[in-house]
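Trainee: A predicted structure for the sequence below; I have some questions about it.
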Amino acid sequence: DGVYRVHAQVRDAAGNESDVLIGEVLLDTSAPSSNAGPLPPTVTAAEISLPFTASDDGSFVQYVEVWLRHRQDSTSPWGIWTMAGTPTASPVALSLPFGEGMYEFYTVAVDAAGNREPAPSSADTSVTFSTISAPSTERVSVSSAGAEGNAASGASLPSSLSNDGRYVAFVSSADNLVAG
């Protein structure tokens, strides 16, 4: 691989000769390289911005193929790898076409000489798409100033849980809690 200087001259059957032409030719037989990511572990929107890097020692990276696959959850089988686009600049905006679930991504760089990076043996990066918010706990047994109760709350007394699991009812001997 490298740049080679070429000299060319044409001569016809009558012996006429052209001027000597000198040019440079780039020989590039090396594949480029690329990598996708990183991505956050979870997203809540059906579109992501996928960063990637790509480089080539010979000519230049012409484009990058972005590949993805999907599965509904950790027990489902992975779908087939599908090309999601051929961007020329990073990051690339991608929609998550199969809905909620787990997605994996990899990239394959192609250079100006037509050399194509082989697909990696595993994904470069992954993300889980879910519109379900993470569970949260909110303490409501507080004073009007937001302070904890000033005595034991339900420590030795029975409490009860609402049918949907959202609320706990309890008895408290604290005198600084807001009623309700």
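Mentor: That came through, no problem.

Trainee: all contacts plus neighbour counts: C-alpha atoms, from now on.
Mentor: OK.

Trainee: shouldn't residue 117 be in contact with residue 64?
Mentor: No - Residue 117 is beyond contact range of residue 64, at 9.5 Å (criterion: CA atoms under 8 Å).

Trainee: what's the overlap in contacts for these two?
Mentor: The contact sets of residue 117 and residue 64 overlap at 34, 108-110 (CA atoms under 8 Å, 6 or more residues apart in numbering).

Trainee: can you tell me which two in those are farthest apart?
Mentor: 34 and 110 (9.3 Å; CA to CA).

Trainee: overlap in contacts, the two.
Mentor: Contacts common to residue 34 and residue 110, judged by CA under 8 Å, 6+ apart, are 64, 117.

Trainee: of the two, which one has the most company?
Mentor: Comparing residue 34 with residue 110 by other CA atoms under 10 Å, the one with more neighbours is residue 110, at 25 against 21.

Trainee: which SSE is the more buried one in?
Mentor: strand 101-111 (DSSP states H and E).

Trainee: quick check: next helix or strand after that strand?
Mentor: Next element after strand 101-111 (DSSP H and E): strand 125-129.

Trainee: so what strands line up beside the next helix or strand after that next one?
Mentor: Scanning forward in sequence from strand 125-129 by DSSP H and E, the next helix or strand is strand 160-161. Strand pairing for strand 160-161, determined by DSSP bridges: strand 168-169 (antiparallel).
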